[in-house]
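In: below are the sequence and a predicted model for it; my questions follow.
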Amino acid sequence: MDSLITSVARDLAAASRVVALTGAGISVESGIPPFRGKGGLWEKIDPMEYAHIDAFMKDPAKIWQVLILEMKNVVDKARPNSAHQGLARLETLGILKTIITQNVDGLHQMAGNTDVIEFHGNFAWQRCMQCDHRLETRHIDLAQMPPRCECGGIFRPECVFFGEMISPDHLNRSRQAASSCDVMLVVGTSALVQPAAFMPVIAKRSGARIIEINSERTPLTRDVSDLLIMGKAGEVINRLLTEIEKLR
């Protein structure tokens with residue numbers, strides 16, 4: 001493991017443009033449960049009943065009471081962990097340029113990263129469906145359900161519901177970032193959800209080195225990733241930073 005960490009640290013220190021793709025595994029360490037898999041939110045509730053845009057439009061109060069309030073409670077309490085802080089430090093060092101994230105918690109920005117492409121939007125902000133006024137989720141008045149803007153419009157999270165399209169701008173920017181990097185860090189993602197999981201493939205085809213940091217193997221491990229460092233994201237990234245600092 002030590003030699004692997006040293007090797008990857010050298011790759012990162014020598015790279016001219018590093019991009020990271022992050023998934024639920026990086027935020028689990030901040031107390032945010034994943035949507036999929038064991039202990040995930042979709043084990044508790046049916047995503048087609050509570051996370052589809054048609055369901056929200058039909059009965060926004062129901063979706064607020066069951067899904068959005070639970071997410072609000074989780075996101076309000078969550079704080080960046082050492083993995084988020086480590087990626088922010090990599091940006092400060094001039095190594096990491098862009099994060100493409102599947103997460104909807106806003107923790108990368110809270111940690112200090114400035115170029116974050118939120119593939120699936122986020123729950124940290126709400127937008128009025130009538131006037132487009134934005135308000136941080138933690139400041140939403142829950143006195144009525146669904147919460148309403150001063151104009152009378154209903155607030156909705158700035159996430160991508162099932163049945164909605166991923167922002168074309170986010171998709172295009174992600175593809176551009178993936179195709180122009182020389183190293184891609186893939187951190188804490190199952191690599192099962194498309195089209196986000198295709199970004200490392202784009203990077204690989206463009207000549208980038210793919211470094212996977214995960215607690216388990218994924219569909220990328222065998223055919224796409226050049227290296228897999230198994231372990232918790234925070235611990236691995238901190239060890240990489242320690243080695244990078246030695247090289248400077």
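Out: Yep, it's here.
In: lowest-pLDDT helix or strand in the protein?
Out: Within the chain, no helix or strand scores below helix 41-44, which has a mean of 64 by mean pLDDT, DSSP states H and E.
In: contacting residues around Leu185?
Out: Shown in contact with Leu185 (Cβ atoms under 8 Å, 6 or more residues apart in numbering): Leu12, Val18, Val19, Ala20, Leu21, Leu96, Ile211, Ile213. Backbone N, C-alpha and C define where each C-beta goes, glycine included.
In: likewise Ser225?
Out: So Ser225 contacts Val186, Pro200, Ile210, Ile211, Glu212 (Cβ under 8 Å, 6+ apart).
In: next, count neighbours for the nearest residue to Phe161 once chain neighbours are set aside.
Out: Leaving out its chain neighbours, the residue that sits closest to Phe161 by Cβ to Cβ, 6 or more residues apart in numbering is Ile53, at 4.0 Å. Per other Cβ atoms under 10 Å, the neighbour tally for Ile53 reads 14.
In: circling back to that earlier point, list the ones among the contacts of Ser225 that fall in strands.
Out: Val186, Ile210, Ile211, Glu212 (DSSP state E).
In: go through those and name the one nearest Leu227.
Out: Set against Leu227, the nearest of those by Cβ to Cβ is Ile211 (5.3 Å).
In: and Val186, what are its bridge partners?
Out: Here Val186 sits in beta bridges with Leu21, Glu212, as judged by DSSP bridges.
In: please report how far it lies from Pro195.
Out: 15 Å (Cβ to Cβ, to the nearest Å).
In: with Lys246 instead?
Out: Separation of Lys246 from Pro195 (Cβ to Cβ): 37 Å.
In: for these two, indicate the residue with more neighbours.
Out: Pro195 (13 against 10).
In: Three-state assignment for the closest residue in space to that one that isn't next to it in sequence, please.
Out: Leaving out its chain neighbours, the residue that sits closest to Pro195 by Cβ to Cβ, 6+ apart is Leu171, at 6.8 Å. What DSSP: H, G, I helix; E, B strand; the rest coil gives for Leu171 is helix.
In: try the one 5 residues further on
Out: With three-state DSSP as the basis, the three-state label of Gln176 is helix.
In: that one: how many residues sit nearby?
Out: Per other Cβ under 10 Å, the neighbour tally for Gln176 reads 14.
In: kind regards, and thank you for your time.
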